[in-house]
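> Requesting a structural model of the entry that follows:
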Amino acid sequence: MTIRPRRSALYMPASNAKAIEKARMLDCDVVILDLEDAVAPELKAEARAAAVAAVRDGGFGRRELVIRTNGIDTPWGADDLAAAAAARPDAILVPKVDDGADVGRYAAATGGVPLWLMIETTRSVFRLDEIGAALAKAGSGAFVLGTNDLAKEMGARPGVLRAPFQGMLGLAVAAARANGHAILDGVYNAIDDEAGLAEQCAQGMEFGFDGKTLIHPKQIATCNAAFTPDAAAVEWARTIVAAFAAPENAAKGAIRVDGKMVERLHLAQAERDLAVAEWAR
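Numbering: from 1, shown residues only. Below is the predicted model of the structure:
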């Protein structure tokens with residue numbers, strides 16, 4: 001299985017040509033060309049055309065290129081989805097998914113392009129496994145947390161460590177993993193608060209997120225550092241991989257490594273850590 005690091009996923013307004021050009025040079029793992037929140041109604045058609053052109057023109061290197069469309073029931077949704085499906089970016093990110101039926105509607109409209117889902121409504125919180133299962137039926141995909149919209153619907157004031165969200169953050173990660181999906185954490189709004197961003201990234205790592213969505217290029221370095229295994233983690237990962245590669249351990253599900261009991265689930269995490277570390281070199 002190919003491991004695709006997604007430490008940092010940067011939203012860029014597709015209506016901003018300079019932003020799109022800049023995105024080709026940034027050190028983020030994912031560029032999300034946004035047709036939704038970042039684009040005024042009168043610029044929606046222009047942004048759609050620009051996003052399609054960006055996919056066609058390429059130049060993003062190893063960065064994953066994603067188009068975030070407007071909702072399927074908005075005046076722009078159907079045209080966005082048709083255009084994005086024809087352009088065939090690496091994935092199509094869709095907003096405000098409430099349940100499995102919504103996933104089916106989006107999957108039917110995206111022509112087999114991998115589907116990423118915004119988890120950002122209070123209804124979705126109570127249907128996370130249903131949504132994950134529907135996405136697995138549609139194919140590979142990802143959850144993306146929309147914590148700003150969740151806070152608005154709940155009337156919550158989450159703070160850096162997001163006390164009101166901690167239960168749902170854990171459940172979202174569990175639902176994503178149970179159904180074989182990647183999952184990205186929500187954005188951090190305080191662009192100039194590097195310490196706060198680092199603290200929230202560390203929290204995201206603890207919960208098991210693959211990476212974090214971002215709203216400004218200056219957040220990329222902090223995010224990449226947080227979601228890249230450090231030297232000690234890399235050395236331990238190499239030790240685990242080498243131990244399981246030994247002929248005498250080929251059929252074992254659990255082995256002793258440096259005085260610790262290590263299972264094959266730890267091997268999978270070790271392989272992922274090594275892939276991310278190699279990506280970051």
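> which residue is nearest the middle of this protein?
Leu184 (3.2 Å; C-alpha atoms, centre = their mean).
> Confirm for me that that residue is in contact with Ala9.
Yes. Leu184 lies in contact with Ala9 (C-beta atoms under 8 Å); the separation is 5.5 Å. Where C-beta positions appear, they are placed from N, C-alpha and C, glycine not excepted.
> shared neighbours of the two, which are they?
Val30, Val144, Gly211, Lys212, Thr213 (C-beta atoms under 8 Å, 6 or more residues apart in numbering).
> out of those, which are inside strands?
Among those, the members found in strands (DSSP state E) are Val30, Val144, Gly211, Lys212, Thr213.
> Among those, which one sits closest to Leu135?
In terms of C-beta to C-beta, no member of those lies closer to Leu135 than Val144, at 11.6 Å.
> how far away is the residue nearest to that closest one when sequence neighbours are not counted from Ala246?
Using C-beta to C-beta, 6 or more residues apart in numbering and skipping residues adjacent in sequence, the residue nearest Val144 is Leu184, 4.8 Å away. Remark: distance between Leu184 and Ala246 (C-beta to C-beta, to the nearest Å) = 36 Å.
> How about Gly186?
Look at Gly186 and Ala246: by C-beta to C-beta, they are 42 Å apart.
> Next: Ala83.
52 Å.
> So between those two, which is more surrounded?
Ala83 (19 against 10; other C-beta atoms under 10 Å).
> Tell me if I'm right that the more buried one and Ala45 touch.
No. Shown here, Ala83 and Ala45 do not form a contact pair, counting by C-beta under 8 Å, at 9.7 Å.
> residue contacts, the residue nearest to Val144?
Taking C-beta under 8 Å, 6+ apart as the test, what Leu184 contacts is Arg6, Ala9, Val30, Ala142, Phe143, Val144, Leu145, Phe209, Asp210, Gly211, Lys212, Thr213.
> Contact partners for the second one?
What it means is Ala9. So Ala9 contacts 28-32, 64, 66, 144, 184, 211-214 (C-beta under 8 Å, 6+ apart).
> and if you look at the fifth one?
Contact partners of Phe143, counting by C-beta under 8 Å, 6+ apart, are 116-117, 119, 131-132, 135, 172, 175-176, 181-184.
> Could you find the closest non-adjacent residue to Tyr255?
Not quite, residue 255 is Ile, not Tyr. With C-beta to C-beta, 6+ apart, the residue lying closest to Ile255 is Asn249, at 5.1 Å.
> Actually, Val94.
Tyr106 (4.8 Å).
> Going by secondary structure, the one you found is in what exactly?
helix 100-109 (DSSP states H and E).
> That helix - what's its average pLDDT?
Helix 100-109 shows a mean pLDDT of 98.
> Which strands or helices does it pack on?
In terms of contacts (3 or more C-beta pairs under 8 Å, 6 or more residues apart in numbering; DSSP states H and E), helix 100-109 is packed against helix 77-87, strand 115-119, helix 128-138.
> Export the ones you listed to CSV and append columns for distance to Gln203 and mean pLDDT.
Below are those laid out as CSV (distance: least, C-beta to C-beta, whole Å; pLDDT from 0 to 100):
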stretch, distance to Gln203, mean pLDDT
helix 77-87, 32, 98
strand 115-119, 17, 98
helix 128-138, 19, 97
